[in-house]
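>>> no letters, just coordinates:
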């Protein structure tokens, strides 16, 4: 019996019931699974009453169970929950508020239920507008759960879809133009295979590529390259958006204006909502021949939640906090590079990747040991990257300075032992 | 200025803002759009304070803003909202509760955020397990918003995807075996095109085909036909499930045990949640080589909502009510067949299609006139079918006998005038 099961005897039975009813596609984090029962701010609590500092979850971007978000959700759910084929002010307000955060070229917002639905719709628009079928993604990208998006998500060894081609994400010391050079080279390979590019889809923080972040400007040059070949530039902001990277949108540090921006995870602080914003002329070109209706997308309750999340981000200045506290945290994490062998820190805002183990095959095992040691120490992080060797650290944005210190101390100890 | 705009001067400005920010893919119901602001039970209220009897929306299956569902949502949102990579009892309970309503062959439930995500995952499973790529759908089917599902949704003139083939839905007077005969014929056409069938996906009430319903047993025989060719039988219960057709699942009146069942719309009474249930051996075969993770799917809040909806369906005996009140309503609707030319009523439970106008090209216009006249009379219905000539009537299940009478009276008057 694991120590966890000893503390929480109901867990063993729960995991057994879970395996039977939910089945073999489900996976749990950690060698000793975490049985969470409550959450508040940056803290989660398990069934035995133990508290964990959440330094992993980017979905509860304004903190677990933020009272203003819960209140907006509860009030609207008691008032009206209906779809966009009736007129109501809430989806209009949310669309206007989102557009106000985006470059002026963006004209329209369409609502979905998830980042996957947003990225899937981005592909439909790109194919519809360009008449082409090819997509370029980074070599270890993850973009969603649909069949098409699984084929655009080589992360974790998934097979590529037909007409999907990859480019390596920028290496830490590469200049901004390296990614664009590879996109142009990729377009050449596509032409040889008889495939025209519909779009380049890139997660603006390149999380599953190992939180690559990339040199400022690389996404602008890559967008220029795909547009020169007739394709669209799609910024996947499902992970990097809503202040996470120290700006409202991850793409803005690259000075790029994408053609389409997709949103998901943090948009509802856990409530299932996503969206897609597009340049006005692109949405018009798609809508000339095709429609789109999403039953739950833009429902009044989801929009009330989305508005509350934007209110909290603004009123608590979470973007500024992500930038400033994130910069100090970055320096403290970098202090670990001198104290431990083969540790390299990358990040933007409050999204960090800590490469451990120098990239050899044992690095993934070392990262797993660190992740599990941190969990035992009461701090939740994860691992990602091509070899699973990049620690993924991205606490809810309202994380306090002393909580960031706790993360650094716990990581220091875990790296020492792992 | 329309009469609606005269009553509600803010509507014109709202629609203008909506057109600018949400853009051209969005459509509104009715010649005079409805500006809804509150909902309760089977009633919606507009900004001018006028009440409408909702005889259209199948999503709020237990009634708009049901207090038990709102309470479960609000409590859990204030307690914990997190994903399935931590252990928690709520998704396990919901999976167990859903399995208890399904044939014993079903072993596992996987959660999604929408019917589209459920149907998309069903396709991934069918392709993964069979190694084939072909799908058969009905000639005017609608299955969802993704690129793949749009190509499996010929309803509304959408172009078919490659490897997608169609069969006509049963005509009203056809025997149960007619659909299976067409499936076998279709499999022959696929073989000539070099396509092997991965699955047959059918909405169990064939709503967009015109609420065809179909003779009892037709889906069992069709399932036998697809299985004989190595494909899976996928019951799309996104519209027909959760008691709507007078049984928990629409497929049960056909005596079929499908391989996969997909769920969506009514599952959360408006909250974005969907699910897929599969036979144990099918999920195991898929999971042997592939995983599936859905960030929002199975989150603790969505599961609390799903459980509350099941509780209300059970405690208020809504399945029995749909069956019994639906049967009386059916007879009253059939009474209109004698009073009006070219009217034909079909339905199951509380899901009805009323064909108007004898199927010629003017029938769609007549249906639209009826739908708009009913809206002016304060009763909300829609239209569907290949020519848009089938009135779609499906009130929230707790609809009272006198409210059903109101629908019949309003329809009688609207048919008289249209």
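Cool, the structure landed. If you're wondering where the values come from, they're calculated on a predicted model, not measured in any experiment. Numbering: from 1, shown residues only, chains lettered A, B, ... in the order given.
>>> in the sheet, who's paired with the nearest residue to residue A:185 once chain neighbours are set aside?
Distances taken as Cβ to Cβ, 6 or more residues apart in numbering or on different chains place residue A:167 nearest to residue A:185, at 7.8 Å, with adjacent residues excluded. Placement of C-beta: from N, CA and C, glycine included. Counting by DSSP bridges, residue A:167 forms beta bridges with residue A:138.
>>> doesn't residue A:184 make contact with residue A:167?
No: judged on Cβ atoms under 8 Å, residue A:167 makes no contact with residue A:184 at a distance of 9.6 Å.
>>> those residues of the stretch 251-400 of chain A touching chain B, which are they?
The stretch 251-400 of chain A comes close to chain B at residues A:264-265, A:269-273, A:278, A:280, A:283-284, A:286-287, A:290-296, A:298-299, A:301-302, as judged by Cβ under 8 Å from any Cβ of the partner chain.
>>> got a PyMOL select line for the buried ones in those residues?
Restricted to buried positions by 16 or more other Cβ atoms under 10 Å in any protein chain shown, the PyMOL selection for those reads:
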select buried, chain A and resi 264+265+269+270+271+272+273+278+283+284+286+287+290+292+293+294+295+296+298+299+301+302
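>>> coming back round to it: of residue A:167 and residue A:184, which one has the most company?
Ranked by neighbour count (other Cβ atoms under 10 Å in any protein chain shown), residue A:167 and residue A:184 place residue A:167 first, with 25 against 17.
>>> could you measure from the more buried one over to chain B?
Per Cβ to the nearest Cβ, to the nearest Å, residue A:167 is found 22 Å from chain B.
>>> and that residue, what does it touch?
Residue A:167 makes contact with A:136, A:137, A:138, A:139, A:179, A:182, A:183, A:185, A:186, according to Cβ atoms under 8 Å, 6 or more residues apart in numbering or on different chains.
>>> distance of the third one relative to chain B?
Just to be clear, that refers to residue A:138. 19 Å.
>>> burial of that residue, as a residue count?
Using other Cβ under 10 Å: residue A:138 sits among 26 other residues.
>>> ok, how many other residues are close to residue A:343?
19.
>>> need phi/psi at it.
Main-chain torsions, residue A:343, degrees, to the nearest 10: phi -110, psi 130.
>>> tell me the bridge partners for it.
residue A:356.
>>> correct me, but it touches residue A:335?
No: between residue A:343 and residue A:335 there is no contact under Cβ under 8 Å: 10.1 Å.
>>> wait, what's in contact with the spatially most central residue of chain A?
In chain A, the C-alpha nearest the mean C-alpha coordinate belongs to residue A:239, at 1.5 Å (Cα atoms, centre = their mean). Residues near residue A:239 by Cβ under 8 Å, 6+ apart: A:58, A:203, A:204, A:205, A:207, A:250, A:265, A:351.
>>> you'd agree it is in a helix?
No: assigned with DSSP: H, G, I helix; E, B strand; the rest coil, residue A:239 falls outside any helix and is coil.
>>> pLDDT weak spots in chain A?
A:1-7, A:358-359 (pLDDT under 70).
>>> can you pull out the helices in the stretch 251-400 of chain A?
Using DSSP state H, counting those that start in this stretch, the helices assigned to the stretch 251-400 of chain A run over residues A:280-287, A:300-315, A:318-339, A:363-376.
>>> ok, residue A:241 to chain B distance?
Applying Cβ to the nearest Cβ, the value for residue A:241 to chain B is 14 Å.
>>> typo on my end, it should be residue A:101
13 Å.
>>> and that residue, how many neighbours does it have?
There are 20 residues near residue A:101, going by other Cβ under 10 Å.
>>> ok, and the closest non-adjacent residue to it?
residue A:248 (4.7 Å).
>>> can you check my assumption that that neighbour lies in a strand?
No: looking at residue A:248 with three-state DSSP, it is coil, so not inside a strand.
>>> assess the claim that it and residue A:242 are in contact.
Yes: taking contacts as Cβ under 8 Å, residue A:248 lies within contact range of residue A:242: 7.0 Å.
>>> quick one: which of the two has more around it?
With neighbours defined as other Cβ under 10 Å, residue A:248 and residue A:242 compare such that residue A:242 has more, 30 against 22.
>>> which residues lie in contact with the more buried one in this structure?
Residue A:242 touches A:61, A:248, A:263, A:266, A:267, A:309, A:313, counting by Cβ under 8 Å, 6+ apart.
>>> host element of it?
Here residue A:242, judged by DSSP states H and E, is contained in no helix and no strand.
>>> separation between it and residue A:266?
Distance, residue A:242 to residue A:266, using Cβ to Cβ, to the nearest Å: 4 Å.
>>> any common contacting residues for those two?
With Cβ under 8 Å, 6+ apart as the test, residue A:242 and residue A:266 both reach A:61, A:309.
>>> skipping adjacent residues, who's closest to residue A:407 in space?
In space, residue A:407 is closest to residue A:55, 4.9 Å off (Cβ to Cβ, 6+ apart).
>>> next, count neighbours for that neighbour.
26.
>>> my read: it touches residue A:397, true?
No: using Cβ under 8 Å, residue A:55 is not in contact with residue A:397; the gap is 11.9 Å.
>>> roughly how far does the closest residue to residue A:263 other than its chain neighbours sit from chain B?
Among residues not flanking residue A:263 along the chain, residue A:275 sits closest, at 4.6 Å (Cβ to Cβ, 6+ apart). According to Cβ to the nearest Cβ, residue A:275 stands 10 Å off from chain B.
>>> next, the contact list for residue A:275, please.
By Cβ under 8 Å, 6+ apart, residue A:275 lies in contact with A:98, A:109, A:110, A:111, A:112, A:118, A:262, A:263, A:264, A:267, A:306.
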